[in-house]
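J.: Output the structure for:
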Amino acid sequence: MKPILRLAALLAAVLVFAACKTEPVEVLQERDIVYAVGTDRNTAHLRTDAEWDALLEHFCSYAEGGSMVTFYNSVSHGSTVQKTATKDAVTYSTTSREEMKQWMRRMEDAGMTVTVTYDAGTGTWNGMAYASAPSSQGESPFDGQGATRSLFSVSDDSRVRFSRGNLQYHSANNTWQMAAEQYACLADNDSWTTLFDWNINDTQPWMAGHDTVFAGLAGQWRMLNEEEWRYLLDCRLASPLGGATDARYAQVTVDGVRGLLLFPDSYSHPAGVMLPVSINGSNSAAWNANSYTLSEWNLIEEAGAVFLPLAGYRSNGSVVHMGTAGRYWVAADLMAMGYNALYIDDNMVGVSAWFDDMGASIRLVCGE
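T.: Alright, predicted model coming up:
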């Protein structure tokens, strides 16, 4: 090659390098974000940081407009969804939009599923991240307001839908929410209340402001009364399963968390998942016999089942028997019937008398 040609080639290489320096090419691991806003489910394939930041902006705006936003990266989760216990859930609150976006970035980087809401009263974004991905197979078992699509008869002519998780209250932010997972048992502490007492006016504290607790179904969330629980557990017609003509409930363990499994009126047990034993009965051996992994539970949940975890109860200011006993408040005419709770123990599933100064869990229902 002649010297002049060698110089021309060198100058061309320098110009190309300079062009790359002045206009950097953004490098980003591609993201496939699956997200739900209210009842709408969407996907977004992102190639650049600018696109990711724009989507995070939209998430904040959706939440600010009153919608609950849930998202995860299907690339990070892979094709096989594996869930881990929500006791490891990460919560976050801030009044800064940018701080909320940065937190969402960190949680997505960690492979978490993120749920974001906005409290207009305090101007606060509230987030919860947990190591699980909503099922990508078919329709979600819950609607956009967190109610089961499956139905449970509570009388001869009335059916209800259960909330997707136990009621939780964050005192610092004055925020009410449903647990992100049915088996979630967050610690009852100075920030989070998950075991509720009755107040001096003989009402549950959530009732006073329930019209603003859950947007979209304001005023429709309630607790089952004693007659409804007895009908649901002992009388309703349901699908046959494992030798039971009407399979209504079973004591099971989900990823080490014991609880009561409620079968909907119409239920088909997922193929490849073992049938529970001691259906419609109380048997301490059932906890071990009916032990399911999170992937198995995911299939059972998709089939419409409800799970009430043994979150213990509060006595004299301390949480006791977490993981070995469950108490769920039952609505009642206190003047006529007093306080009642649904007991879930080794050898008992049913309604019995309870005490107003002892905290118990709440799982809400709404009409069909």
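J.: Confidence-wise, which helix or strand of this protein is lowest on average?
T.: Least confident helix or strand, the chain: helix 3-22 with a mean of 41, by mean pLDDT, DSSP states H and E.
J.: Please identify the buried residues of stretch 263-275?
T.: 263-265, 267, 269, 273 (16 or more other C-beta atoms under 10 Å). Backbone N, C-alpha and C define where each C-beta goes, glycine included.
J.: neighbouring contacts of that stretch?
T.: Contacts with stretch 263-275, where a contact means C-beta atoms under 8 Å, 6 or more residues apart in numbering, come from 148, 150-153, 159, 236-239, 241-242, 247-250, 292, 296, 299-300, 302-306.
J.: cool, and stretch 326-334?
T.: Residues outside stretch 326-334 that contact it (C-beta under 8 Å, 6+ apart) are 196, 202, 204, 222-226, 229, 259-260, 308-313, 338-345, 351, 354, 358, 360-363.
J.: Try it again at 6 Å.
T.: Applying C-beta atoms under 6 Å, 6 or more residues apart in numbering, the external contacts of stretch 326-334 come out as 202, 223, 225-226, 310, 313, 340-342, 344, 351, 360-363.
J.: how far out from the middle of the chain is that stretch?
T.: Computed by C-alpha atoms, centre = their mean, to the nearest Å, the chain-centroid distance of stretch 326-334 equals 22 Å.
J.: One more: stretch 302-319?
T.: Counting by C-alpha atoms, centre = their mean, stretch 302-319 is centred 14 Å from the centre of its parent chain.
J.: for Glu301, helix, strand, or coil?
T.: Following DSSP: H, G, I helix; E, B strand; the rest coil, the label given to Glu301 is helix.
J.: check contacts around it.
T.: Contacts of Glu301 by C-beta under 6 Å, 6+ apart are Pro141.
J.: ok, it to Ser171 distance?
T.: 29 Å (C-beta to C-beta, to the nearest Å).
J.: got it, and Gly165?
T.: 18 Å.
J.: Who has more neighbours out of these two?
T.: Gly165 (24 against 11; other C-beta atoms under 10 Å).
J.: nearest spatial neighbour of that one, skipping sequence neighbours?
T.: Spatial nearest neighbour of Gly165, chain neighbours left out: Ala179 (2.8 Å); criterion: C-beta to C-beta, 6 or more residues apart in numbering.
J.: My guess is that neighbour contacts Leu167. True?
T.: No. Ala179 lies out of contact with Leu167 (C-beta atoms under 6 Å); the separation is 7.9 Å.
J.: one step back: filter the contacts of stretch 326-334 down to the ones in helices?
T.: Counting by DSSP state H, the part of these found in helices is Glu226.
J.: Return the item of the contacts of stretch 326-334 having minimum pLDDT.
T.: Within these, Asp202 has the lowest pLDDT, namely 62.
J.: could you show me where the helices are in the stretch 1-150 of the chain, in order?
T.: Along the stretch 1-150 of the chain, the stretches classed as helices by DSSP state H, counting those that start in this stretch are 3-22, 49-64, 74-77, 97-109.
J.: With the stretch 201-350 of the chain instead?
T.: Residue ranges of the helices in the stretch 201-350 of the chain, as given by DSSP H, counting those that start in this stretch, are 226-230, 286-289, 294-302, 334-337.
J.: still on that earlier bit, including distance to Arg106 and pLDDT, could the buried residues of stretch 263-275 go into TSV?
T.: What follows is those, written out as TSV (distance: C-beta to C-beta, whole Å; pLDDT from 0 to 100):
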residue	distance to Arg106	pLDDT
Phe263	39	98
Pro264	37	96
Asp265	42	95
Tyr267	39	93
His269	39	92
Val273	35	88
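J.: wait, which of those is closest to Asp119?
T.: Using C-beta to C-beta, Pro264 is the member of the buried residues of stretch 263-275 that lies nearest Asp119, at 32.5 Å.
J.: ok so, going back, now, of the helices of the stretch 201-350 of the chain, which is deepest in the fold?
T.: Stretch with highest mean neighbour count among the helices of the stretch 201-350 of the chain: helix 294-302 (a mean of 20; mean count of other C-beta atoms under 10 Å).
J.: How far does that one sit from its chain's centre?
T.: 13 Å.
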